[in-house]
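**Student:** Give me a model of this one.
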Amino acid sequence: MKRSVKIIILLVVLTLPGAFFVFLKKYGHNTYAIPIQHEQGISLLDCENNSAPFQAEEKLLQTYAIKLPALFYFDDGFGLYNKQQVEETLLAYEAIGVYKLTYDSLIDVRAGQARQWQPAGLNEFINCVLVMGEDTRLSEPVPMKVVLLDRDRHIRGYYQVKRGKELERLATELTIFVKYEL
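**Tutor:** Presented below is the predicted three-dimensional model:
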């Protein structure tokens, strides 16, 4: 091959990545979105709200003075992946409320306040607000299943944080949520 052809090929090979970089920097956009869960609505018995896309019942949220967006979880105290790491992940963003469900109350973790459940309140809350069963009605919450609820009362994610990968996914999606959704 002639020397001039080799030089031209070398120049093209060296400038092509730079041209791609400049093009993507100018015209490319990285955007992320966390999908809304239950786009088709829900069909759980005894829940008044079966809208599509599903929105948590405002009446129940107001009853317990919940500020949105919020994370909800039920800690049974057994088999927690890494309690300190889970707490740090859940409390990482001040703009997101964190609520712990117990058998007798709903605890605002940031404020340290507890609100007692009305009779059968826990079951109604886990099924008609958080849809923790996702397709069937639950009689009690799933331990350490975190639910992310946005300002529009849409469920944006379920995370079983007993597993390390799910905790990492929660941390990543919370970062995306705060950056692009709030």
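**Student:** which ones are touching Gln116?
**Tutor:** Asp104, Ser105 (CB atoms under 8 Å, 6 or more residues apart in numbering). Bear in mind the C-beta positions are built from the backbone N, C-alpha and C, glycine included.
**Student:** Low-confidence regions, the protein specifically.
**Tutor:** Applying pLDDT under 70 to the chain flags the ranges 1, 49, 76-81.
**Student:** for this protein, what spans make up the strands?
**Tutor:** 70-74, 97-101, 105-108, 113-116, 145-149, 155-160 (DSSP state E).
**Student:** out of those strands, nearest to Cys47?
**Tutor:** Of all those, it is strand 155-160 that lies closest to Cys47, at 13.2 Å by CB to CB.
**Student:** Run me through the strand neighbours of that closest one, direction for each.
**Tutor:** strand 145-149 (antiparallel) (DSSP bridges).
**Student:** ok, residues contacting the strand it pairs with?
**Tutor:** 34, 56, 68-74, 90, 129-132, 155-161, 170, 173-174, 177.
**Student:** For the strands of the chain, give me CSV that also has distance to Pro17.
**Tutor:** Conversion of those to CSV gives the following (distance: least, CB to CB, whole Å):
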stretch, distance to Pro17
strand 70-74, 42
strand 97-101, 45
strand 105-108, 52
strand 113-116, 56
strand 145-149, 39
strand 155-160, 36
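**Student:** Determine which stretch of those strands is the most buried.
**Tutor:** Ranked by mean neighbour count, the strands of the chain are led by strand 145-149 with a mean of 23 (mean count of other CB atoms under 10 Å).
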